[in-house]
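> sequence and predicted model, in that order:
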Amino acid sequence: MALTKSEREAFLAEPHVAALSVEAEPERAPLTVPIWYHYEPGGRPWLLTGTESRKLNLIRAAGRFTLMVDEVSPRLMYVSVSGNAIDMVAGTRDDLREMASRYLPPQAVEPYIEMAEKEHGPQTKVYLDPQQWVSLDLGSLGDLPAV
């Protein structure tokens, strides 16, 4: 069953690792990679990615991308949101802190920021304007009929 607007927004607001998919070069399948993202219900999802990354170059070229998050336990659910890439701006240390705090325990945030600044280089913050949503809730595994 499809999720309601509030259900899909609440699910997307949880700290899942998303699959980002963006059109690639001709004769290639879309680029699909795992990525951290940030979202608050009613807002626009955003992510940080390397300023010189292939991913960002493809997002710029396509002008749009998709994020998909799912879980298999305790329920089989997914939410996919697609739209235009908007408001591409230089990522900041505060953006990195906000993102890391979403996914990591408090004691790991500052060490992660230090590592990311050294290893990942300059980041770009990319906002997604949510235009198309697809979602499904298949319930818990115990609710599924036996085969």
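Received, thanks. Numbering: from 1, shown residues only.
> quick one: low-confidence parts of this protein?
Where the chain drops to pLDDT under 70, the residues are 140-147.
> which residue ranges of it form helices?
5-13, 54-62, 93-103, 106-119 (DSSP state H).
> give the buried residues for the first one.
I take that to be helix 5-13. Neighbour counts over helix 5-13 (16 or more other CB atoms under 10 Å) mark 8-9, 11-13 as buried. C-beta: built from backbone N, CA, C; applies to glycine.
> which of those residues sits closest to E110?
In terms of CB to CB, no member of these lies closer to E110 than A13, at 24.1 Å.
> for W133, grab the count of nearby residues.
Counted by other CB atoms under 10 Å, the residues lying close to W133 total 16.
> partner residues bridging it?
Taking DSSP bridges as the rule, W133 bridges to V81.
> would you agree it is in contact with S80?
Yes. Using CB atoms under 8 Å, W133 is in contact with S80, at 7.1 Å.
> not counting sequence-adjacent ones, nearest residue to V69?
H16 (3.8 Å; CB to CB, 6 or more residues apart in numbering).
> so who does N84 touch?
N84 makes contact with 63-64, 128-129, 131, according to CB atoms under 8 Å, 6 or more residues apart in numbering.
> please indicate which of those residues are buried?
64, 128.
> looking at the contacts of N84, which are in strands?
64, 128-129, 131 (DSSP state E).
> how near is E98 to H38?
6 Å (CB to CB, to the nearest Å).
> looking at those two, which is more packed in?
H38 (20 against 14).
> is it possible to get CSV of the contacts of N84 that adds distance to L138?
Shown next, in CSV, are those (distance: CB to CB, whole Å):
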residue, distance to L138
G63, 33
R64, 28
L128, 25
D129, 28
Q131, 25
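> select, out of the helices of the chain, the one closest to D137.
D137 lies closest to helix 5-13 among these, at 7.4 Å (CB to CB).
> for stretch 117-126, C-alpha coordinates in CSV please.
Provided in CSV are the C-alpha atoms of stretch 117-126 (Å, rounded to 0.1, in the frame of the first residue of the first chain):
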residue,chain,number,x,y,z
GLU,A,117,37.8,17.7,5.5
LYS,A,118,41.2,16.0,4.9
GLU,A,119,40.0,13.1,2.7
HIS,A,120,37.0,14.3,0.8
GLY,A,121,38.0,17.8,-0.2
PRO,A,122,35.6,20.7,-0.9
GLN,A,123,31.9,19.7,-0.8
THR,A,124,28.9,21.1,-2.6
LYS,A,125,25.5,21.1,-0.9
VAL,A,126,22.7,20.1,-3.3
